[in-house]
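Trainee: coords please:
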Amino acid sequence: MPQTRRRLLAGALAASVLAPAWADAPKPLRVLVGFPPGGGTDAIARLLAERLKDLLGVPVVVDNRPGAGGQIAAQVLKSAPADGSTVFLTHDHTISILPQVVKHPGFDPARDFVAAGGFATFVNALALSAGTPAQGFTGYVDWVRREKGGKSAVGIPAPASTPEFLVRLLGQRYGLDLVAVPYKGAAPLMSDMLGNQIPAGVGSVQDFIENHRAGKLRAVAVLGARRQAALPDVPTFAELGLPGFEDTPYYGFYAPAGTPAAFLQRFSDALARAVAQDDVRAHLTAMGLTVGAMTPAQLAAREHAYTAVWARIIRDSGFRPQ
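Mentor: Numbering: from 1, shown residues only. Sure, this is the predicted structure:
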């Protein structure tokens, strides 16, 4: 056989062997995050992505799409192919709150997304900057009345969010003019609090906890039915006389509607194994999360219950979708 023909035949045989391998190669998994790098949600995403990579046997890449409280990332998820190549790690705000406070969010969780698995609940907290002289919640209320003429700014990580409604209700309850100042995520809020550019902020415990432990700011009250294991010295709002905030927000993954059930099951199983690892559980707990795997059905039920609670709170606050 001529040498040229032998080379062509060998190349064809090699291609026929390699083709199935390329066709069956697992697709990388993209994890959308609706907040910028440096915040609590981003840190959680990167921790879980590292473990999911090994458990799923595919590359896992975190894709930050910050802006509008996760709205931009949610719109990206809606347009993503429903083939198991994209999931969205998010908390309650984007799924349960945004569709109730924005007239045209560009997505409908019930129609456009499907739950892929949950892994934790958490609470929001009110924290004071180091330059704010009050040491506790009652002292803060007194300070605003006495030193600030009853009016003060409170930073929040996103507009029309659970923290904003908490600020509104705190103002109503204590007769204060508290102005919620929205930031583009927790990281810039933390920067201004650490620089004493704003006296207080409301956000998730995982955003505040490290700086609280370091004495760079002070968490003075948390939502939830009981004190948090990571912040045992910080009272709940119910203890301070403001009940009604016992229902806790959640963290979970969502996929585009139509994503195959086989992928959702495989992903949920891998997520449960990831958060069951001792070091992962310890890390998430230290961040202020209450860790517990949720199947897609359990996450969907948690989402629906939480959405109903906050529908009432938003309605009672007098807020109108914008």
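
Trainee: Skipping adjacent residues, who's closest to residue 306 in space?
Mentor: residue 96 (5.2 Å; CB to CB, 6 or more residues apart in numbering). Where you see a C-beta, it was placed from the backbone N, CA and C, and this is true even at glycine.

Trainee: does the one you found really touch residue 310, like I thought?
Mentor: Yes - applying CB atoms under 8 Å, one finds residue 96 in contact with residue 310, separated by 6.0 Å.

Trainee: Between those two, point out the one with more neighbours.
Mentor: Set side by side, residue 96 and residue 310 show more neighbours around residue 96, with 24 against 19, by other CB atoms under 10 Å.

Trainee: Is that one in a helix, a strand, or coil?
Mentor: Using DSSP: H, G, I helix; E, B strand; the rest coil, the secondary structure recorded for residue 96 is helix.

Trainee: residues touching it, list them.
Mentor: Residue 96 is in contact with 249, 303, 306-307, 310, counting by CB atoms under 8 Å, 6 or more residues apart in numbering.

Trainee: Next, work out how far apart it and residue 190 are.
Mentor: Distance, residue 96 to residue 190, using CB to CB, to the nearest Å: 24 Å.

Trainee: thinking again about what came up before, could you export the contacts of residue 96 as TSV, including distance to residue 149?
Mentor: Below are the contacts of residue 96 laid out as TSV (distance: CB to CB, whole Å):
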residue	distance to residue 149
249	33
303	41
306	36
307	37
310	31
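
Trainee: Return the closest of those residues with respect to residue 118.
Mentor: residue 303 (8.5 Å; CB to CB).

Trainee: wait, doesn't that closest one sit right on residue 250?
Mentor: Yes - the pair residue 303 and residue 250 qualifies as a contact (CB under 8 Å) at a distance of 7.0 Å.

Trainee: what's the overlap in contacts for these two?
Mentor: Common contact partners of residue 303 and residue 250 (CB under 8 Å, 6+ apart): residue 92.

Trainee: Out of the two, name the residue with the larger neighbour count.
Mentor: residue 250 (25 against 22).

Trainee: and that one, how far is that from residue 224?
Mentor: In terms of CB to CB, residue 250 sits 12 Å off from residue 224.

Trainee: Next: residue 147.
Mentor: Applying CB to CB to residue 147 and residue 224 gives a distance of 29 Å.

Trainee: Give the helix, strand or coil label for residue 313.
Mentor: Under three-state DSSP, residue 313 falls in the helix class.

Trainee: what is the rounded mean pLDDT of the helix or strand residue 203 falls within?
Mentor: Following DSSP states H and E, one finds residue 203 within strand 200-204. Across strand 200-204, the average pLDDT comes to 95.

Trainee: tell me how far that strand is from the chain's mean position?
Mentor: 14 Å (CA atoms, centre = their mean, to the nearest Å).

Trainee: Identify the residues contacting that strand?
Mentor: 40, 91, 122-129, 132, 140, 152-157, 163-164, 166-167, 180, 186, 189-190, 193, 208, 217, 249, 288.

Trainee: cool, stretch 188-197 as well?
Mentor: Under CB under 8 Å, 6+ apart, the answer for stretch 188-197 is 36, 39, 127, 129-132, 155-157, 183, 198, 200-201, 203, 207-208, 211, 216-217.

Trainee: Among the residues you listed, the buried ones, what's the PyMOL command?
Mentor: Of the contacts of stretch 188-197, the buried ones can be selected in PyMOL as follows, counting by 16 or more other CB atoms under 10 Å:
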select buried, resi 36+39+127+129+132+155+156+157+183+198+200+201+203+207+208+211+217
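
Trainee: From the contacts of stretch 188-197, which land in strands?
Mentor: Cross-referencing the contacts of stretch 188-197 against strands under DSSP state E gives 127, 129, 155-156, 200-201, 203, 217.

Trainee: Show me which of those is closest to residue 30.
Mentor: Closest approach between the ones in strands among the contacts of stretch 188-197 and residue 30, by CB to CB: residue 203, at 25.9 Å.

Trainee: Name the residues linked to the closest one by a beta bridge.
Mentor: residue 125 (DSSP bridges).

Trainee: Torsion angles phi and psi at the residue nearest in space to the middle of the chain?
Mentor: The residue lying closest to the centre of the chain (CA atoms, centre = their mean) is residue 91, at 3.4 Å. Main-chain dihedrals, residue 91, degrees, to the nearest 10: phi -110, psi -170.
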